[in-house]
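>>> Generate coordinates for the sequence data below:
(2 chains)
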Amino acid sequence: MIRLFDSVDGKVRDLTLREPGHVSMYVCGPTVDNLPHLGHGRFTLVWDVARRWFTFRGLDVTYVSNITDIDDKIIARSLEEDRSTGEVVATYEAQWWEAMDRLGVARPDEAPHATDYVPEMIELISEFLENDIAYVISDGVYFDVSRVPDYGLLAGQPLESLRAGARVEASDEKRSPLDFALWKNAKPGEPSWPAPFGDGRPGWHTECVVMSLGLLGEGFDLHCGGLDLKFPHHENERAQAVAAGRVFSVHWDHNGWVMVGKEKMSKSLGNFTSLTHLAETSDPRAYRLLVLRSHYRSPIGVTPATIADAERALARLDALARRFKLPALAGDTLEVATNYRWVGDAEALFDEVGEALDNDLDTPLAVALLFDALAAANSAADVGDLSYAKQQAVAINALFGALGLSLHSKEDRVDAISADLVTRRDQARAEKDWAEADRLRNELVTLGWVVEDSSTGTLIRRP
RNA sequence: GGCGGCGUGGCCGAGUGGUUAGGCAGGGGCCUGCAAAGCCCCGUACUCCGGUUCGAAUCCGGACGCCGCCUCCA
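Reported below is the predicted structural model:
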């Protein structure tokens, strides 16, 4: 049984499923108004890992994650870049998927776009207006949060204390500063859709309710996203579902921030590093390993230093893959445990790692166990127990694959000149001509190779 | 003001009331012609002050410091 933290009560509990054997999860996706940043990377990695693990365990996962393609920021961006919102969206959505591919984040089963659900949103808003749950003011339609008795459930505070601390000015026409826009009236030149309550565009909080319920149905299992979405975004989504008399997600969970120094990385602070930049300057797997090494709800610092640290750790994993000629796993296909044979200590390792991951996705413990196993595998191989070593190595590879981390064992293509140097070096070594052997090694190093000796002679690879 | 989180060895980062987290870096050793890769050993940490306890980094209380949410944000 998989246990997961629930943001509503702050407790870890069994992930109960609507349909046994099937997990329906909705992950709030990005607004494509700019390059994806490290914070996006974290949430996509965290929930990709969750999805992969559930799948590995044999659950049938339906993973839905939206693309917000209409929003104030997108409009602002189109003015800034002097091109249509459609072009802005196309550009940044393409960047988004490219970044996801580089991180090895598997594509969602469904990636709905907000603009494809406008009619459904209009229908919902109309329903709220009819029931006096929403009201019209000069700039649009607003949701009356006082109509939801347990508003504040996710915030962990009753409506009154939320209202007391509200930073938004209550001086406008809203009944409460916490009331939020369901529909924003179009200003000249802005993209808009016709609606009975005036041409305009949907507010952010409405799209996810409509899309999640539309694609996953009532009472879907898990709704997650970054911690910053917990309130007010998720609170407001839920409020709408409740007001509409629909059963919303049963389980909520949120991942922690990416920190920049002591501050949270965020759009408003403008302190973000793009995933595009990260991919250009490091092995994208390093970020995944970094994410795996900390708990998903803890804040993590993603800096050149921590990324480099992870890259060095990765080198040890890759060395294992080379040593045992392990196939690269993960990538687009989600691994499933039943495709492997778990016997002896491999089974024990799977049990231990599985227990860790089933317990609120304790990836740091899982990674620690896998590194222990790595040492054991190398150690066994060092003393000649190759069958045990290989068995462990295969299991380690499979389990990292289950978490979406692929170990690289691929051999680099060796050009004729380098191959010749290798041959000559092996010859020199056989003749114990160390001076010549070292000279040839230096030549290979100059050509950019890492040179290692093995029982079968000189091995070269790219760093 | 309300609500929530955090403070661990050089760095990153886990953690259960009492026996090793793990990674990176560093030191020593083994292996190696020398390296590289690999293996083994080492630091004996837990903001401070009280308390509970045979025993607390881990539970309780307090202090200090930091961060976040109550606008937009993954």
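>>> can you list the domains in chain A?
In the assignment given by automatic domain parsing, the structural domains of chain A cover A:3-264, A:282-402, A:416-461.
>>> where along the stretch 1-150 of chain A do the strands fall?
For the stretch 1-150 of chain A, the strands defined by DSSP state E, counting those that start in this stretch cover A:3-6, A:11-14, A:22-27, A:60-65, A:134-137, A:140-143.
>>> got CSV for the ones you listed, with distance to residue A:402, mean neighbour count and mean pLDDT too?
No exception for glycine: its C-beta is placed from N, CA and C like everyone else's. CSV is the format used below for the strands of the stretch 1-150 of chain A (distance: least, CB to CB, whole Å; neighbours: other CB atoms under 10 Å; pLDDT from 0 to 100):
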stretch, distance to residue A:402, mean neighbour count, mean pLDDT
strand A:3-6, 17, 19, 92
strand A:11-14, 21, 12, 88
strand A:22-27, 15, 24, 97
strand A:60-65, 13, 20, 98
strand A:134-137, 45, 18, 95
strand A:140-143, 41, 24, 95
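>>> Among the domains of chain A, single out whichever gets nearest to RNA strand B.
Proximity to RNA strand B (CB to the nearest atom of the strand) singles out domain A:3-264 among the domains of chain A, at 1.9 Å.
>>> next one: the closest one to chain centre, how far?
Relative to its chain's centre, domain A:3-264 lies at 16 Å (CA atoms, centre = their mean, to the nearest Å).
>>> What's the end-to-end length of that domain?
With CA to CA, to the nearest Å as the measure, the first residue of domain A:3-264 is 28 Å from its last.
>>> got it, and stretch A:242-258?
End-to-end distance (CA to CA), stretch A:242-258: 31 Å.
>>> so, in contact with RNA strand B or not, that stretch?
Yes. Counting by CB under 7 Å from any atom of the strand, RNA strand B has neighbours in stretch A:242-258: A:255, A:256, A:257, A:258.
>>> Just the ones of those residues in helices?
For the residues of stretch A:242-258 next to RNA strand B, membership in helices holds for none, with DSSP state H as the criterion.
>>> Tabulate the strands of the stretch 1-150 of chain A (a markdown table), appending distance to residue A:190.
Converted to a markdown table, the strands of the stretch 1-150 of chain A look like this (distance: least, CB to CB, whole Å):
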| stretch | distance to residue A:190 |
| --- | --- |
| strand A:3-6 | 39 |
| strand A:11-14 | 44 |
| strand A:22-27 | 28 |
| strand A:60-65 | 26 |
| strand A:134-137 | 18 |
| strand A:140-143 | 12 |
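>>> Ok, which of these comes nearest residue A:462?
strand A:60-65 (34.6 Å; CB to CB).
>>> Show me what that closest one is packed up against.
Packing partners of strand A:60-65 (3 or more CB pairs under 8 Å, 6 or more residues apart in numbering; DSSP states H and E): strand A:22-27, helix A:38-56, helix A:204-216.
>>> Any idea which of these gets closest to residue A:119?
Judged by CB to CB, the one of the helices and strands packed on strand A:60-65 that comes nearest to residue A:119 is helix A:204-216, at 9.5 Å.
>>> Restrict the helix or strand following that closest one to CA atoms and write it as CSV.
Where DSSP states H and E defines the elements, the next helix or strand beyond helix A:204-216 is strand A:222-226. As requested, C-alpha coordinates have been extracted for strand A:222-226 and formatted as CSV (Å, rounded to 0.1, in the frame of the first residue of the first chain):
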residue,chain,number,x,y,z
LEU,A,222,-4.7,12.8,-6.4
HIS,A,223,-4.3,16.5,-7.1
CYS,A,224,-0.8,17.9,-6.8
GLY,A,225,1.5,20.8,-7.7
GLY,A,226,3.9,23.2,-6.2
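>>> what lines up beside strand A:222-226 in the sheet?
For strand A:222-226, the paired strands and their directions (DSSP bridges) are strand A:22-27 (parallel), strand A:251-255 (parallel).
>>> Residues contacting the lowest-mean-pLDDT helix or strand in chain A, please?
Taking all helices and strands of chain A together, the one with the lowest average confidence (mean pLDDT, DSSP states H and E) is strand A:263-264, at a mean of 82. Under the contact criterion CB atoms under 8 Å, 6 or more residues apart in numbering, strand A:263-264 has outside partners A:228, A:257, A:258, A:269, A:271, A:299.
>>> middle-most residue in chain A, spatially?
To find the centre residue of chain A, average its C-alpha atoms and take the closest one (CA atoms, centre = their mean): that gives residue A:44, at 1.5 Å.
>>> Tell me the pLDDT of it.
Per-residue pLDDT puts residue A:44 at 97.
>>> what does residue A:290 give?
95.
>>> That one: what's its closest spatial neighbour, skipping adjacent residues?
Closest residue in space to residue A:290, ignoring its immediate chain neighbours: residue A:310 at 4.6 Å, by CB to CB, 6 or more residues apart in numbering.
>>> and that neighbour, what does it touch?
Taking CB under 8 Å, 6+ apart as the definition of contact, the neighbours of residue A:310 are A:286, A:287, A:289, A:290, A:293.
>>> now do residue A:417
Residues near residue A:417 by CB under 8 Å, 6+ apart: residue A:447.
>>> returning to that earlier point: can you redo the contacts of residue A:310 as CSV with secondary structure, neighbour count and distance to residue A:425?
Shown next, in CSV, are the contacts of residue A:310 (DSSP: H, G, I helix; E, B strand; the rest coil; neighbours: other CB atoms under 10 Å; distance: CB to CB, whole Å):
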residue, secondary structure, neighbour count, distance to residue A:425
A:286, helix, 20, 32
A:287, helix, 27, 37
A:289, helix, 22, 33
A:290, helix, 25, 37
A:293, helix, 18, 38
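>>> and which of those is nearest to residue A:262?
Relative to residue A:262, and with distances defined as CB to CB, the nearest of those is residue A:290, at 18.1 Å.
>>> and the stretch 1-150 of chain A, which residues reach RNA strand B?
A:10, A:28-31, A:37-40, A:42-43, A:71, A:73.
>>> Can you select the buried ones from those residues in PyMOL?
For the buried members of these, the matching PyMOL selection, counting by 16 or more other CB atoms under 10 Å, is:
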select buried, chain A and resi 28+29+30+31+37+38+39+40+42+43+71
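>>> that older thread, leaving out the residues flanking it, which one is nearest to the residue nearest to the centre of chain A?
Closest residue to residue A:44 apart from its sequence neighbours, by CB to CB, 6+ apart: residue A:105 at 4.6 Å.
>>> and the one you found, how many neighbours?
Applying the criterion other CB atoms under 10 Å, we find 24 residues in the vicinity of residue A:105.
>>> Quick check: residue A:110 touching residue A:212?
No. Residue A:110 lies out of contact with residue A:212 (CB atoms under 8 Å); the separation is 10.1 Å.
>>> joint contacts of the two?
If you check residue A:110 and residue A:212 against CB under 8 Å, 6+ apart, the residues they both contact are residue A:64.
>>> Sounds good, over and out.
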